[in-house]
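J.: Attaching a predicted model along with its sequence, questions to come.
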Amino acid sequence: MAKKPTFDYDLIVIGSGAGGSAAATIAARDGKRVAIIEADTFGGDSPNWSDVPTKALLHVAQLYDEARHGARFGLRSSTLGYNYPSLRTWKDLAVKRTGAGGNRRYYENEGIATFTGAAHFLTPNEITVNRRHLTGAHFLVATGSHWVAPNIQGLSDVSYLTPRTILEAMRPPKSLYIIGAGTIGVEIAQLMAIFGTKVYLAEIASRILPQEDEEVGALLERTLKEQKGITSLTQTRTLMVVKDGVGKRVTFSRGGIEKSVHVDDILIATGRIPTVDLGLENASVAYTPKGIEVNAHLQTTARHIFAAGDVLGHSSHTHTALLESRVAAHNLLHPKSKISPDYTASPRLTFTFPGVASVGLSEDDCAKRDLAVQKAIAPLNIIARSNTSDFRDGFVKIITDKKGVLLGATVVAPGASEIVHDLALAIKYQLTARQLAETPHAFLSWSEAVRVAAAKLG
Ligand SMILES: Cc1cc2nc3c(=O)[nH]c(=O)nc-3n(C[C@H](O)[C@H](O)[C@H](O)COP(=O)(O)OP(=O)(O)OC[C@H]3O[C@@H](n4cnc5c(N)ncnc54)[C@H](O)[C@@H]3O)c2cc1C
């Protein structure tokens, strides 16, 4: 009888971010021999470079901004100020307190072997990392994504910032040209504008936050302009960048007219692409520059190799990466009862003020699928909380099918990232607008707008 091959590990996880960490921990707790490999900082992007640091700084920015505009409530704020290096210290503390940032020991305490370096497949069951060879019965590729600079004349000859490097700056630039007005570009635009930066937000699409429905971009563009002095340059193609004294001169084309602007710095927030340069072809794993191909169980074309997180190229959220990581762990531990990730109720968030959160199908999605739908919008200014907080710029929008079953929803409001979970639950369990409207929503909560929008359809 042929002997079963033996491997160094039952599971080798490549990448220690959200996509890798959950599966590594689940498999180790199940008694499997697990190794995790990290090329950069243990914990990956979310705790170290993205979600946690941006939200820690946005929290302070929004606190400062609210206090600064508190005179109408009777607050005296003329002496309010900030010390930017101290804000950075706060951000670093928030990162440290997650316990995940840079924490190799966490994995070791779970009995997981850790290796630093870039993993590279040699064969379907063998990788190298720092000249060591490791073999595994199963693999999980969770290498995430990275920023790519757009093809703009002169960009490679000047220095520019990314969302990672701007968070490490000792002070905000006096002026900043942001290329890309998706979630991250818009969050950083607001953050920097509150701390005094003159921001130009350039976006090739016809609205900012182009992945959201039309009313969202229009409303946010107006509030960013009126409240934060941000110049939104939609339908704008950035053409050229040159050094200009200590700053840069950016030339762009908008509505067929070429213009240029002098700025201290440029931030690239145009998009991230999956990190797939790890010898996947040697392991017979099919991929394109848009991500690794997987089946419904997150198995790649080499069935013992799974993939999860941003490397799949279809979402860029930590909760989605965690969901996929758990599903991959389940499937490799229980091959006879495989499951698939359910994305129907995964919210999409932008942590601006007001925040933006959407879940399920957008109106554009429904139009593309030719679905017969009904929709209702409740503007924030019709609910009582809008009066007591003196804030009006937002809405809740609900989309249902013809029978009233919720298909999608969008919230633009303070605390949108909390309000949306009510709607996510309704979408996941196919509740109707009427059922949502019949559920009490507390008086003077922003969530009353959910009930009002639902009642229009129920
Ligand atoms: C500025 C910013 C703010 C964000 N805010 C939010 C938010 O508030 N909420 C939210 O849900 N999402 C947010 N996101 C998205 C979220 O951070 C990502 O979706 C999430 O981190 C993806 O996790 P991941 O495990 O797939 O990738 P990562 O966390 O990037 O982990 C991949 C890891 O693999 C390592 N790696 C790569 N190649 C190799 C190799 N060959 N060998 C070994 N290791 C390798 C990398 O070094 C990296 O550490 C934000 C993103 C950014 C950029």
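T.: On my side now, so go ahead. Bear in mind the structure is a predicted one, so any value in this text is a computation, not a measurement.
J.: got the phi/psi numbers for the residue of the stretch 201-350 of the chain found nearest the ligand?
T.: For the stretch 201-350 of the chain and the ligand, the shortest gap (C-beta to the nearest ligand atom) falls at residue 309, measuring 2.3 Å. All C-beta atoms are positioned from the backbone trio N, CA, C, and that covers glycine. Phi and psi for residue 309, reported as degrees, to the nearest 10, are phi 90, psi -160.
J.: what residues are up against the residue of the stretch 351-458 of the chain found nearest the ligand?
T.: The ligand sits closest to residue 351 of the stretch 351-458 of the chain, with a gap of 5.8 Å, by C-beta to the nearest ligand atom. Shown in contact with residue 351 (C-beta atoms under 8 Å, 6 or more residues apart in numbering): 54, 55, 58, 187, 417.
J.: swap the cut-off to 6 Å and go again
T.: Contact analysis of residue 351 by C-beta atoms under 6 Å, 6 or more residues apart in numbering lists 55, 58, 187.
J.: Return the residues in contact with the residue of the stretch 201-350 of the chain closest to the ligand.
T.: 19, 142, 144, 321.
J.: What of residue 94?
T.: 52, 56.
J.: For the helix or strand containing it, buried residues please.
T.: Under the criterion DSSP states H and E, the helix or strand holding residue 94 is helix 84-97. Residues of helix 84-97 classed as buried: 87, 88, 91, 94, 95 (neighbour count, 16 or more other C-beta atoms under 10 Å).
J.: Likewise for stretch 269-283?
T.: Within stretch 269-283, the residues that qualify as buried are 269, 270, 272, 274, 275, 276, 278, 279, 280, 283, counting by 16+ other C-beta under 10 Å.
J.: still on that earlier bit, give the closest residue to the residue of the stretch 201-350 of the chain closest to the ligand in space, chain neighbours not counted.
T.: Closest residue in space to residue 309, ignoring its immediate chain neighbours: residue 19 at 2.2 Å, by C-beta to C-beta, 6 or more residues apart in numbering.
J.: Other residues contacting the strand or helix carrying that neighbour?
T.: Using DSSP H and E, residue 19 falls within helix 18-29. Outside helix 18-29, the residues that touch it by C-beta under 6 Å, 6+ apart are 11, 13, 34, 36, 46, 110-112, 140, 142, 308-309, 318, 321-322, 325-326, 328-329.
J.: and what of stretch 72-79?
T.: Under C-beta under 6 Å, 6+ apart, the answer for stretch 72-79 is 67, 68, 70.
J.: now these: which count as buried?
T.: For the contacts of stretch 72-79, buried by 16+ other C-beta under 10 Å: none.
J.: And the helices in the stretch 301-450 of the chain?
T.: Using DSSP state H, counting those that start in this stretch, the helices of the stretch 301-450 of the chain run over residues 318-333, 363-368, 384-389, 416-428, 433-438, 448-457.
J.: Redo those helices as a markdown table? Include mean neighbour count, mean pLDDT and distance to residue 355.
T.: A markdown table is the format used below for these (neighbours: other C-beta atoms under 10 Å; pLDDT from 0 to 100; distance: least, C-beta to C-beta, whole Å):
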| stretch | mean neighbour count | mean pLDDT | distance to residue 355 |
| --- | --- | --- | --- |
| helix 318-333 | 23 | 98 | 16 |
| helix 363-368 | 15 | 91 | 19 |
| helix 384-389 | 14 | 97 | 14 |
| helix 416-428 | 21 | 97 | 3 |
| helix 433-438 | 18 | 97 | 20 |
| helix 448-457 | 23 | 97 | 13 |
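J.: Mind putting those helices into TSV with distance to the ligand?
T.: Formatted as TSV, the helices of the stretch 301-450 of the chain follow (distance: least, C-beta to the nearest ligand atom, whole Å):
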stretch	distance to the ligand
helix 318-333	4
helix 363-368	20
helix 384-389	23
helix 416-428	8
helix 433-438	24
helix 448-457	21
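J.: Identify whichever of the ones you listed lies nearest to residue 225.
T.: Closest approach to residue 225 among the helices of the stretch 301-450 of the chain (C-beta to C-beta): helix 416-428, 19.6 Å.
J.: okay, the angle between the closest one and helix 448-457?
T.: Using axes from the mean of the first three to the mean of the last three C-alpha atoms, to 10 degrees, one finds that helix 416-428 and helix 448-457 are set 40 degrees apart in direction.
J.: Run through the neighbouring helices and strands of helix 416-428.
T.: Under the contact criterion of 3 or more C-beta pairs under 6 Å, 6 or more residues apart in numbering; DSSP states H and E, helix 416-428 touches strand 355-360, strand 406-413.
J.: Touching that helix from outside, list them.
T.: 344-345, 347, 349, 355-357, 359-360, 406, 409, 411, 436, 446-447, 450.
J.: Give me the distance from stretch 359-370 to the chain's centre.
T.: Centroid separation between stretch 359-370 and its chain, computed with C-alpha atoms, centre = their mean, to the nearest Å, is 20 Å.
J.: Give me the contacts around it.
T.: Contacts of stretch 359-370 (C-beta under 6 Å, 6+ apart): 213, 347, 373, 407, 408, 409, 420, 423, 424, 427.
J.: need the contact list for the fourth one.
T.: Listed by C-beta under 6 Å, 6+ apart, the contact partners of residue 407 are 360, 361, 399, 401.
J.: What does the pLDDT read for the residue nearest to the last one when sequence neighbours are not counted?
T.: Of all residues beyond its chain neighbours, the one nearest residue 401 is residue 407 (5.8 Å), with distances taken as C-beta to C-beta, 6+ apart. The pLDDT attached to residue 407 in the predicted structure is 97.
J.: right, and residue 11 touches residue 34 too?
T.: Yes - checked against C-beta atoms under 6 Å, the pair residue 11 and residue 34 is within contact range at 4.8 Å.
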